[in-house]
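# based on what follows, work out the 3D shape:
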Amino acid sequence: MKPLSIKSGKGRFRIVLGIGLGVLFLLHTASAVLAAPQFQAAGAENSGTGSVTVNWPAHAAGDVALLFVETTGGEGATLSTAAGFVQVAGSPQDTGAGADSTRLTVFWARATSSSMASPIIADAGNHVYARILTYRGVISAGNPWDVTGGGIKSTASTVITVTGVTTTVTDTLIVQAVAHGRDSNNPHFSGQANANLLNLTERGDSGSNAGNGGGFAVWDGVKVSAGATGNTTANITNSVVNAFLTIALREEPVVPVIYSHWRMDQTGWNGTANEVIDSGPAAAHGVASGLVTRPTTANASPAIAGSPGTCQYGVFNRSNKDYIALPAGYPNLTAAAGGFTITAWINVANAMLPGQRIMIDDQSNSTPGGWGFSVGETMASGAGGLRFFYRQAATFILDTVPIPSGQWLFVALSVRLAAGANASTATIYAYNTSGNLVTSTSGSFTWTAGGDGGPPSIGGETNASGENSNAFGFGGSIDEVRVYQQTLSQGTIEAIRSETRICEVLDHFSFTHAGSGVACDVHAITLTAHSATHAPVSANGATVNLSTTNGRGSWTGIVSGGGVLTPGVAGSGLATYTFAAGSSAVQLSFRYANLPASSETFGFNAVSGPISETSGAANPSDDPSFTMAQAGFRFRNVTDSSATIPTQISGKPSDTGFNAVTIRLQAIRTDASTLDCAAAFPAAGVRNVEMGAECNSPSTCAGRQLTITNNAATTVLPTSADNSSSGASSYATVPLLFSAASEADIVMGYPDAGQMSVHARYDLDAAVAGYEMTGSSGTFVVRPFGLAIRGTNINTPIAHANTATGTVLAAAGDNFTMTVAAYQWAAGEDVNNDGIPDDGVNITDNGTVPNFAGTATVAVSANLPGTASGTMGRGPTCASAATIALNGGTATANDWCYSEAGNVLLTAGVSNYIAAGVSVTGNSGLDGGGFGGHVGRFRPKRFAVSGASLTNRLAAACTPSSGFTYMDEGLALAFTLTAQNAQGGTTQNYTGSYARLDPSSGGSNNSKTAFGIGARNMSPFAALTARVGGGYVGSPPSWSGGVLDVTGSSAALVTVGRPVPDDPPDGPYAQVQFGIAPADSDGVQMAFFDLDVDNSGGNDHTVTGPTAVVRYGRLRLGAASGSQLLPLRLPVEAQYWNGTFFMTHADDSCTQLSAGNVGLGNYLGNLNAGETAVSVGTGRLQSGRGTIQLSAPGAANSGSVDVAVNLGAGANANACPALAPAATAGNKAYLRGRWCGATATRDPAARARFGIRRSSDEAIYSRETTN
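Presented below is the predicted three-dimensional model:
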């Protein structure tokens, strides 16, 4: 044997045994990469100095594309052809202007096909470098991210720290991009690390040499749980500044579809086939097995006590290796790519004992293919942990740390299987009954497809297994074993953990039948297993002894329900019946032809141990008597050759439309010699038959009467409450035309709802009391035609609208009043006879259905504008289910709520009305209200601001960033405004015309107008709102998915103006706080105000961004004189008003002048135009100071010239006195001063003198002055 080698790293251990078997153990404390979005492909790199077209990589509909763009700092990336791309929140991030500066902009789009059009990036100025990366499994509606966040690193270095974000949902893919401005197309990044992100992988790292050059790297990793991601660090090959952005992509929610669910709710097991019921669609019923004993069930200490709860559970004896054998044909979950999840409640008596199987499919120890999920393993993590293993050439083993013994734990195994090296993943979770995560572990492995040849089992290895000793059995309790053929996320698993149900157990049996019949006929007798609340429950495969109270009759067969019937001696009334697995009811056929008298009344018995038709909470209605007569009436559904009348619709004749049938009343008698049925009325003609109707469920009626039509005449029948005995409480005489075959065709109609029965009787001899023919239709259901949505009551319509200007019904998430009502059928409203109202018909004038009761579920069918469907709910927080109990055919609630903005088409439905499969449906378009049935309009409840930032002196693009802004100088106020519902969720439909806050309103001052931007100096107070101006850095933003990104080129460009009049100056203001108070045309405002901009004692704005320092500034130009043989330097100084006087602005190392901004005029002496030239060096002030240099004009060119700096936007300076030389616009009017005149609107000017003249010999002192 080769020595054991152990390699560790990143929380993993690899153990290889030198015996030809590789065993891979993985231990990890984080959850696995299971349901998070996945990187799909990286497109080609695209770069240039002009516009750039960026192509998608291979993609499929539903993929989300991120378009990453790097440009030189200060140069925005805009899309000349958007092709569906919009900017990501938090983008762009910009280090500021400069040769090595960089700007990162990210756009996104969701593919609608596999051949998406390419976006085109407009010429940014210096260069563009761009690339599209695609991701799959991302949420399919709304913005694809949960949260975004970005920043810059303004000091060049060889490391980068990408600051983290805080996610609010599980299983997010954290995509991070970092840009640089280095002139290189080589990779720059390495060593990315973040302990909170799983499988951190670089997806691209390159750049461009175009222009100044620049590039970016993108990497991603999974954040399984919600919360802070922490910072990511990486190394960089060169010392550079960086801009970065983090995008947390949300997973597409996986709707769990259960495949198997062994609830362990049977009252006991005895080794009978199919006794352990699988209530999932697999129907893989098991059988209790073991070496000596079998597992049993109990309910004394369930995982979740009470009802609802987890009810019964299985008890497994390890000493005897109790287990549940599952069918041999059960699919091997590891045989094909995809995934599976197993969940269960377990209570292990001693977790330290090894090999305790929860679920196993390893009878043959097949390699590859055998797998198991167990407790008590002793390798890798110490004894007592949970384990998943998969047999293959290198067996994969995943262990947790030890789990506690003697308490219920919810455990889950979630596996993703995919081809490729380490492409498959597995995660184990364990939660306690409080929902706290006890432990989890995850790992990846290289999977080889395979399947074990034997059947799976629960609780232990099978007796046929090579590991069939009690060392491989579970000791304790197991419950609620579920299998999903899906890889479920942690969030979905947590939701499954909390699932409960009503703990209904078998309490008694209940018989139902027509109550009477003719001896010659065969009669349907239904036997149902009931709980104590009379709800149908599984009979757990019980075997029932059947008998009759008179010891007569024969059980002749099974009509429906399956199972096994074993008749007793013919005519004895005896039989045994075994319920089918999972079944709660059976319909049996019964015949009793040899009556000793004209009629006989008797009952039926069903006994299975202590359970019978009289046990527990049984009442007389569970044991009704049956009257058999020699002659009587038989109701027949001729259309279906059945005795059953199918479900009918309120107000509809039974021979019309949906479920139209011919109902035939037959008068029959028992032939004395053959015991077969013969005609009771052999002579055709009219017979006066008494008929009555009965309401069986509900057992009372609402005053509406059932009608019978025959021979073109309609008779109203007395329709009375259930009298708990055979026959109706009252009858009416109906003249029925019978044929020679003793048959009369009838049409029934009932303008109400419920489970009904119709009874008939005929007096054979008026002189003999009780000598009658009787008969009953048996029960049948009459349901409403449909449900309609109404307003504050059944007589008031709900508000309808299908445009963005419709009247507002409610704010999203706020409560409103709505009524759901049931209505009858009307001709012409169900053209296709499917029993459902045709689209757009008005059913509200058809008549109500007062005896209808049921719980209706209201849901969203469609929405305008359709970005997101939204959900319906109820309750003050909109957290309750969107259901309502109808009584009297209608129900009104004032706590409905809808989560989205826009107009919504609603559906309403009642399932399983009285009988399984009977549904009543409707929608909000069935009231004749128009507008396509859309209800609304709904507006957002409020706005919320996030991600606010402030960039001082935006146009100056200061590096490092400036700590102040001059009055009248633009600063960028960036933020994200989100339209929200009352619960804080984003109303994604607040977009396009449905977004009633227009960012472009207000003309040149549009951002101030749109967002109600206000400002104040905090201390000492100064009201500044009237002096605030606001436009945009570039173009106004647009709403997308309920989010308005006022960022990047769409950030608000805000100024705080000088006082009016602008002299004397004021300030400085060291604590200028900006706030916003947007209000759309529907009155939607901010969620809260926390800033009082006018100091009136009440908050009126919401704080947006940090405080700013705002100063009244000016630029001063000093005079100079010197030799005409030397250059002359004029001092330039930025100054600000300190509250008393103007002083040097030592904080200004950013203001930039160019030689073109300097104008020369008023030449004197021998100095003429063109004899001296202006230069400014770098042109950037340092600590508030700089110089303007005039070149030496030469020996013969002494004289003077007036110098002015054009700070305005025109082609000439505006200096004093009346000095206006031509000069390039400096666009820095905020630095003009009051150098003459009454306003501070003049450019700085000074005189430069060349040539030094000799002073008078008699002079004691001389000084030159100007002006």
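# quick one: secondary structure of residue 69?
With DSSP: H, G, I helix; E, B strand; the rest coil as the basis, residue 69 sits in strand.
# quick one: residues contacting it.
77, 104-107, 121, 128-130 (CB atoms under 8 Å, 6 or more residues apart in numbering). C-beta here means a position set from N, CA and C on the backbone, and glycine is covered the same way.
# quick check: beta-bridge partners of residue 905?
Beta-bridge pairing of residue 905 under DSSP bridges involves residue 862.
# ok, how many other residues are close to it?
For residue 905, the count of nearby residues is 21 (other CB atoms under 10 Å).
# which ones are touching it?
Shown in contact with residue 905 (CB under 8 Å, 6+ apart): 860-863, 923-925, 932-935.
# filter those residues down to just the ones in strands.
860-863, 923, 935 (DSSP state E).
# out of these, grab the one that's most surrounded.
Going by other CB under 10 Å, residue 935 tops these with 28 neighbours.
# beta partners of that residue?
Listed by DSSP bridges, the beta-bridge partners for residue 935 are residue 800, residue 904.
# what distance do you get for it to residue 1206?
62 Å (CB to CB, to the nearest Å).
# same deal with residue 937?
Distance, residue 937 to residue 1206, by CB to CB: 53 Å.
# hmm, back to that, now render the contacts of residue 905 as TSV, adding pLDDT.
Formatted as TSV, the contacts of residue 905 follow (pLDDT from 0 to 100):
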residue	pLDDT
860	92
861	90
862	90
863	93
923	96
924	97
925	97
932	94
933	96
934	97
935	98
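# for residue 493, helix, strand, or coil?
Under three-state DSSP, residue 493 falls in the helix class.
# ah, wrong one, I meant residue 1156
Applying three-state DSSP: residue 1156 is helix.
# so what's it up against?
With CB under 8 Å, 6+ apart, residue 1156 has these contacts: 1223-1224.
# per-residue confidence at it?
pLDDT, residue 1156: 96.
# in stretch 1114-1126, what's buried?
Residues of stretch 1114-1126 classed as buried by neighbour count (16 or more other CB atoms under 10 Å): 1114-1117, 1119-1120, 1122, 1124.
# any chance of the residues you listed in JSON lines, plus distance to residue 545, pLDDT and secondary structure?
Output for the buried residues of stretch 1114-1126, formatted as JSON lines (distance: CB to CB, whole Å; pLDDT from 0 to 100; DSSP: H, G, I helix; E, B strand; the rest coil):
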{"residue": "1114", "distance to residue 545": "108", "pLDDT": "98", "secondary structure": "strand"}
{"residue": "1115", "distance to residue 545": "108", "pLDDT": "98", "secondary structure": "strand"}
{"residue": "1116", "distance to residue 545": "113", "pLDDT": "98", "secondary structure": "strand"}
{"residue": "1117", "distance to residue 545": "115", "pLDDT": "97", "secondary structure": "strand"}
{"residue": "1119", "distance to residue 545": "123", "pLDDT": "96", "secondary structure": "coil"}
{"residue": "1120", "distance to residue 545": "122", "pLDDT": "97", "secondary structure": "strand"}
{"residue": "1122", "distance to residue 545": "127", "pLDDT": "96", "secondary structure": "strand"}
{"residue": "1124", "distance to residue 545": "131", "pLDDT": "96", "secondary structure": "coil"}
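# ok, the closest residue to residue 1162 other than its chain neighbours to residue 1160 distance?
Using CB to CB, 6 or more residues apart in numbering and skipping residues adjacent in sequence, the residue nearest residue 1162 is residue 1202, 4.1 Å away. Residue 1202 is 7 Å from residue 1160, where distance means CB to CB.
# overlap in contacts, these two.
Joint contacts of residue 1202 and residue 1160 (CB under 8 Å, 6+ apart) are residue 1221.
# where does residue 612 fall, phi/psi-wise?
Reported as degrees, to the nearest 10, the phi and psi values for residue 612 are phi -150, psi -180.
# quickly list what residue 1189 is bridged to.
residue 1129, residue 1175.
# quick one: low-confidence parts of the stretch 101-250 of the chain?
Applying pLDDT under 70 to the predicted model, the stretch 101-250 of the chain contains no residue that meets it.
# how about residue 1027, what does it touch?
If you count contacts by CB under 8 Å, 6+ apart, residue 1027 has them with 967, 1015, 1056-1060.
# identify the farthest-apart pair in those.
Taking CB to CB, the two most distant members of the contacts of residue 1027 are 1015 and 1060; they sit 15.6 Å apart.
# neighbour count winner among the two?
Neighbour tally, residue 1015 and residue 1060, criterion other CB under 10 Å: the higher count belongs to residue 1015, 27 against 8.
# my read is that one is in a strand, agree?
Yes - the assignment for residue 1015 is a strand, going by three-state DSSP.
# surely it touches residue 1076?
No - in this structure, residue 1015 is not within contact of residue 1076 by CB atoms under 8 Å, at 10.3 Å.
# dump the residue contacts of the closest residue to residue 1039 other than its chain neighbours.
Nearest non-adjacent residue to residue 1039, counting by CB to CB, 6+ apart: residue 995, 3.7 Å away. Residues near residue 995 by CB under 8 Å, 6+ apart: 979, 1039, 1044, 1080.
# which of those ranks first by neighbour count?
Counting neighbours by other CB under 10 Å, residue 979 leads these with 30 neighbours.
# any idea which helix or strand carries that one?
strand 971-980 (DSSP states H and E).
# among the contacts of residue 1027, which one sits closest to residue 714?
Once CB to CB is applied, the member of the contacts of residue 1027 that ends up nearest residue 714 is residue 1015, at 80.4 Å.
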